[in-house]
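In: sequence plus predicted model, see below.
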Amino acid sequence: MTTIDLRPFYRTVRDFDRLASRLVSSVAAVDTGPSYDILATGEDRFAIVLALPGWKAEELSISVENGVLAVKGQPAEPKADVKVIQRGIVRQAFERRFALAEHVEVKGARLENGLLEIELVREVPEALKPRTIAIRTTGGEAGEFAKAA
């Protein structure tokens with residue numbers, strides 16, 4: 001079993017530690033799917049890149065349900081006139097799941113040069129973002145609190 005240590009990156013991206021630990025813990029059980037990277041592409045932007053050489057977009061499906069991103073691959077049937085003598089490229093069906101952190105949404109996916117890149121964005125609602133409260137002083141004019149009393 002491969003262990004991934006992402007702790008050095010935790011300090012560089014705010015709340016990346018929770019996102020990374022949830023993503024890693026979701027796939028730590030059995031590693032039978034394609035290889036992947038998790039990238040921080042901005043302060044609130046991430047990408048999951050899966051290595052899928054030889055796969056076509058129509059053989060892949062991506063879905064999100066209850067905060068779990070699922071990537072599935074089902075290879076097309078080989079042509080009837082082609083006989084495989086040696087199979088060295090793995091083309092078996094797979095399903096890879098990733099648990100998404102709170103407020104992380106999938107914005108899109110792109111398959112290019114055998115790499116499937118899934119774009120993730122963390123969008124925290126305005127009501128949950130930290131806000132600054134102005135502090136008034138009781139200088140020359142009475143503030144709202146003094147008038148109400």
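Out: Happy to help now that I have it. Numbering: from 1, shown residues only.
In: in a strand, residue 69, correct?
Out: Yes. Per DSSP: H, G, I helix; E, B strand; the rest coil, residue 69 lies within a strand segment.
In: model confidence for the residue sitting nearest the centre point of the chain, exactly?
Out: Note on the chain: the residue nearest the mean C-alpha position is residue 120, at 5.0 Å, using CA atoms, centre = their mean. Residue 120 carries a pLDDT score of 93 in this model.
In: partner strands of whichever strand or helix holds it, parallel or antiparallel?
Out: Element membership of residue 120 [criterion: DSSP states H and E] is strand 115-122. Applying DSSP bridges to the sheet, strand 115-122 is found paired with strand 45-51 (antiparallel), strand 104-112 (antiparallel).
In: the longest one: how far from the chain's middle?
Out: So that's strand 104-112. 9 Å (CA atoms, centre = their mean, to the nearest Å).
In: residues making contact with it?
Out: Residues outside strand 104-112 that contact it (CB atoms under 8 Å, 6 or more residues apart in numbering) are 19, 46, 52, 55-57, 60, 62, 64, 69, 100, 116-123. Glycine gets a C-beta too; all of them are placed from N, C-alpha and C.
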